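Engineer: no sequence for this one, just the structure:
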């Protein structure tokens with residue numbers, strides 16, 4: 001019996017020892033936790049990864065509720081402000097003003113929604129809010145409205161959550177970890193980043209964030225319709241264009257000049273994130289600092305005058321005043337017109353095939369008679385313009401002609417020269433004050449006019465002459481009047497690149513006027529600085545040297561030798 005009792009005690013003691021050793025082992029086994037790092041810096045250790053993720057989304061729900069609540073309050077405040085000018089003379093407090101509007105709502109031009117918002121203004125006692133509190137609400141809505149566009153919010157970029165096994169029980173609450181992360185880095189949402197790489201020196205690359213790919217593609221479509229007629233664009237997209245006819249070109253190609261790539265990313269919520277095509281297309285067209293104003297047309301104003309006086313291009317004027325179709329439309333005195341500038345962030349290229357009838361300016365033949373007093377002019381035959389059928393390929397960038405490639409010219413009607421007899425008693429180097437020769441071949445296109453214009457890359461600038469394109473590279477450039485060559489020069493930088501006018505000639509006509517011929521491909525070597533030229537002498541050949549997008553002649557008329565003395569050349573023709 002004693003032996004049995006001994007065995008029994010041994011078994012009990014062994015069981016106790018086993019249980020104690022198991023509990024000891026279990027209590028000293030490492031547990032799984034999660035270290036949270038931001039840019040390799042430890043923020044803290046949490047027990048469950050999912051708990052942090054769930055808390056982030058719960059906070060996003062709170063932010064969404066706040067945005068909706070603040071928006072409703074701001075709508076109520078703004079509804080009352082609509083009648084501020086009509087009620088300011090009452091001398092009421094904001095509370096009593098709101099009550100007065102509700103009691104006399106038929107006196108005010110307010111919608112039912114406005115009335116409901118003003119009633120909410122009273123119910124919520126929003127009149128107790130200070131201007132500082134209202135501004136803080138507006139800032140909060142502006143900064144956090146993006147939360148309304150997404151379902152999920154994610155940890156910031158740079159966050160890493162690492163599973164670890166440790167005996168350390170220094171666990172942080174997820175709320176504490178959330179606050180510390182939020183103080184250092186914005187949380188993120190799922191979206192897309194579009195990288196726009198410029199192919200033009202001096203134009204910055206762009207980074208655009210959107211919540212959806214379609215936001216970007218729809219914005220580009222909208223931007224194209226700013227520069228291309230809707231009906232013509234629809235025909236181009238559906239491949240239903242008919243052949244080009246006179247003044248009815250066909251579109252060969254439309255594309256964005258920049259290289260665009262995109263990828264799905266998590267976007268920090270403090271970045272500018274576009275959620276609608278309308279907002280993005282507005283930014284791509286106007287930039288960040290869009291401003292507009294209205295001015296009243298005066299007697300004698302035309303579109304070119306109004307644009308020039310307000311330092312905008314004619315294209316910009318037509319863009320914001322769609323009741324006018326082209327630069328030649330009449331503006332009735334007293335009409336209110338919109339003045340605004342655009343600042344395109346991308347370049348929409350449109351390539352067209354055009355057929356058009358163009359006037360061929362008649363030449364003026366001057367005959368000098370030494371028996372007639374100098375300065376006297378006798379017209380012996382009036383001039384008549386001719387007409388040509390011109391076919392050409394035209395490239396436009398953001399609505400501005402940048403390249404004209406002539407294909408063919410067909411004479412429809414020959415011009416008849418004007419013949420004048422000018423009295424002089426010596427070989428003249430003084431140009432006529434009454435007639436000026438057109439400096440290029442006929443069949444030309446005026447690709448840019450005198451005055452403020454829109455550069456192809458966005459910023460407006462002052463254009464000191466006219467650009468005459470379409471006569472072809474290497475076609476002759478003629479002196480517009482008698483005179484003396486004052487400058488015959490080539491502008492190149494230290495790297496050998498042409499800049500500004502490139503190869504140009506400046507002629508002093510000794511009658512108070514000077515003419516400049518820029519971007520030429522080469523000079524006529526028969527002349528040099530100091531040479532006397534006669535009207536119609538070939539002084540060089542059309543090119544694209546200097547700041548030029550394609551072959552054309554930049555032509556200026558000045559009242560002195562300086563750039564500051566330019567005037568509109570078309571006033572002389």
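Structural biologist: It's in. Fair warning: this is a prediction, and the values are worked out from it, not measured in the lab. Numbering: from 1, shown residues only.

Engineer: how about residue 437, secondary structure?
Structural biologist: Of the three states, residue 437 takes coil under DSSP: H, G, I helix; E, B strand; the rest coil.

Engineer: Neighbours of it, how many?
Structural biologist: A count of neighbours around residue 437, defined by other CB atoms under 10 Å, yields 22. Using the backbone N, CA and C atoms, a C-beta is placed for each residue, glycine as well.

Engineer: for residue 309, same thing?
Structural biologist: Using other CB under 10 Å, residue 309 has 14 other residues around it.

Engineer: Please apply the same query to residue 30.
Structural biologist: Using other CB under 10 Å, residue 30 has 10 other residues around it.

Engineer: With residue 339 instead?
Structural biologist: 19.

Engineer: And it, its phi and psi?
Structural biologist: phi -120, psi 120 (degrees, to the nearest 10).

Engineer: for the nearest residue to it once chain neighbours are set aside, what are its contacts?
Structural biologist: Leaving aside its chain neighbours, residue 339 sits nearest to residue 310 (4.7 Å; criterion: CB to CB, 6 or more residues apart in numbering). Residue 310 makes contact with 295, 339, 452, according to CB atoms under 8 Å, 6 or more residues apart in numbering.

Engineer: Lowest-confidence member of the residues you listed, which is it?
Structural biologist: For these, the weakest pLDDT value sits at residue 452, with 89.

Engineer: Tell me who's in contact with residue 184.
Structural biologist: Applying CB under 8 Å, 6+ apart to residue 184 gives the contacts residue 38.

Engineer: what about this structure, any weak spots by pLDDT?
Structural biologist: By pLDDT under 70, the weakly predicted segments of the chain are 1-28, 202, 373-376, 425-427, 455-460.

Engineer: quick one: the residue nearest to the spatial centre of it from residue 390, how far?
Structural biologist: Central residue of the chain (CA atoms, centre = their mean): residue 344, 1.2 Å from the mean position. In this view, residue 344 and residue 390 are 29 Å apart by CB to CB, to the nearest Å.

Engineer: and if you look at residue 470?
Structural biologist: In this view, residue 470 and residue 390 are 7 Å apart by CB to CB.

Engineer: So for those two, which residue has more residues nearby?
Structural biologist: Neighbours per residue (other CB under 10 Å) separate residue 470 from residue 390, with residue 470 holding more: 29 against 23.

Engineer: thought that one was touching residue 442?
Structural biologist: No - using CB atoms under 8 Å, residue 470 is not in contact with residue 442, being 9.8 Å away.

Engineer: Let's verify the residue nearest to the centre of the chain: helix, strand, or coil?
Structural biologist: Once three-state DSSP is applied, residue 344 turns out coil.

Engineer: which residues are common contacts for residue 470 and residue 390?
Structural biologist: Overlap of the contact sets of residue 470 and residue 390 (by CB under 8 Å, 6+ apart) consists of 406, 443, 445.

Engineer: Among those, which one sits closest to residue 418?
Structural biologist: Within the shared contacts of residue 470 and residue 390, proximity to residue 418 (CB to CB) peaks at residue 443, which comes in at 19.6 Å.

Engineer: Once you drop chain neighbours, what's closest to that closest one?
Structural biologist: The shortest distance from residue 443 to any non-neighbouring residue, by CB to CB, 6+ apart, is to residue 409 (4.2 Å).

Engineer: Could you list every helix and strand in contact with the helix or strand containing the one you found?
Structural biologist: Assessed by DSSP states H and E, residue 409 sits inside strand 400-413. Where contact means 3 or more CB pairs under 8 Å, 6 or more residues apart in numbering; DSSP states H and E, strand 400-413 is packed against strand 348-360, strand 386-397, strand 445-448, strand 466-469.

Engineer: 10 Å - rerun?
Structural biologist: Where contact means 3 or more CB pairs under 10 Å, 6 or more residues apart in numbering; DSSP states H and E, strand 400-413 is packed against strand 348-360, strand 386-397, strand 445-448, strand 466-469, strand 552-558.

Engineer: what angle sits between the second one and strand 400-413?
Structural biologist: Just to be clear, that refers to strand 386-397. Here strand 386-397 points in a direction 160 degrees away from that of strand 400-413 (axes from the mean of the first three to the mean of the last three CA atoms, to 10 degrees).

Engineer: Going by neighbour count, which residues of strand 386-397 are buried?
Structural biologist: 386-388, 390, 392, 394-397 (16 or more other CB atoms under 10 Å).

Engineer: and it, how far from the chain's centre?
Structural biologist: Mean-position distance between strand 386-397 and its chain equals 27 Å (CA atoms, centre = their mean, to the nearest Å).

Engineer: With the first one instead?
Structural biologist: Its chain's average C-alpha position is 24 Å from that of strand 348-360, according to CA atoms, centre = their mean.

Engineer: Buried residues, the helix or strand that it is followed by. List them.
Structural biologist: Once the chain leaves strand 348-360, the next helix or strand it forms, by DSSP H and E, is strand 364-369. For strand 364-369, the neighbour count (16+ other CB under 10 Å) marks 364-366, 368 as buried.

Engineer: could you pull out the helices for this structure?
Structural biologist: 2-27, 49-81, 84-87, 94-103, 112-123, 131-144, 174-184, 213-227, 230-237, 277-286, 303-309, 314-320 (DSSP state H).

Engineer: any chance of these in a markdown table, with distance to residue 545 too?
Structural biologist: A markdown table is the format used below for the helices of the chain (distance: least, CB to CB, whole Å):
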| stretch | distance to residue 545 |
| --- | --- |
| helix 2-27 | 87 |
| helix 49-81 | 57 |
| helix 84-87 | 59 |
| helix 94-103 | 67 |
| helix 112-123 | 62 |
| helix 131-144 | 49 |
| helix 174-184 | 55 |
| helix 213-227 | 28 |
| helix 230-237 | 34 |
| helix 277-286 | 32 |
| helix 303-309 | 27 |
| helix 314-320 | 25 |
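
Engineer: thinking again about what came up before, strand partners of the strand holding residue 409, parallel vs antiparallel please.
Structural biologist: Using DSSP bridges, the strands paired with strand 400-413 in its sheet are strand 386-397 (antiparallel).

Engineer: Would you mind getting the angle between the strand it pairs with and helix 213-227?
Structural biologist: Using the same axes, to 10 degrees: strand 386-397 against helix 213-227 is 160 degrees.

Engineer: coming back round to it: which one among the contacts of residue 310 gets closest to residue 129?
Structural biologist: Distance ranking of those against residue 129, using CB to CB, places residue 339 first at 37.3 Å.

Engineer: and that closest one, bridged to which residues?
Structural biologist: Note on residue 339: beta-bridge partners by DSSP bridges are residue 293.

Engineer: That one against residue 317, yeah?
Structural biologist: Yes - at 7.6 Å, residue 339 counts as touching residue 317 under the criterion of CB atoms under 10 Å.

Engineer: any residues in contact with both of the two?
Structural biologist: Residues touching both residue 339 and residue 317 by CB atoms under 10 Å, 6 or more residues apart in numbering: 306-307, 310.

Engineer: need the contact list for residue 497.
Structural biologist: Here residue 497 is in contact with 491, 545-546 (CB under 10 Å, 6+ apart).

Engineer: So which of the residues you listed wins on neighbours?
Structural biologist: residue 545 (22 neighbours).

Engineer: is it true that that residue touches residue 496?
Structural biologist: No - between residue 545 and residue 496 there is no contact under CB under 10 Å: 11.7 Å.
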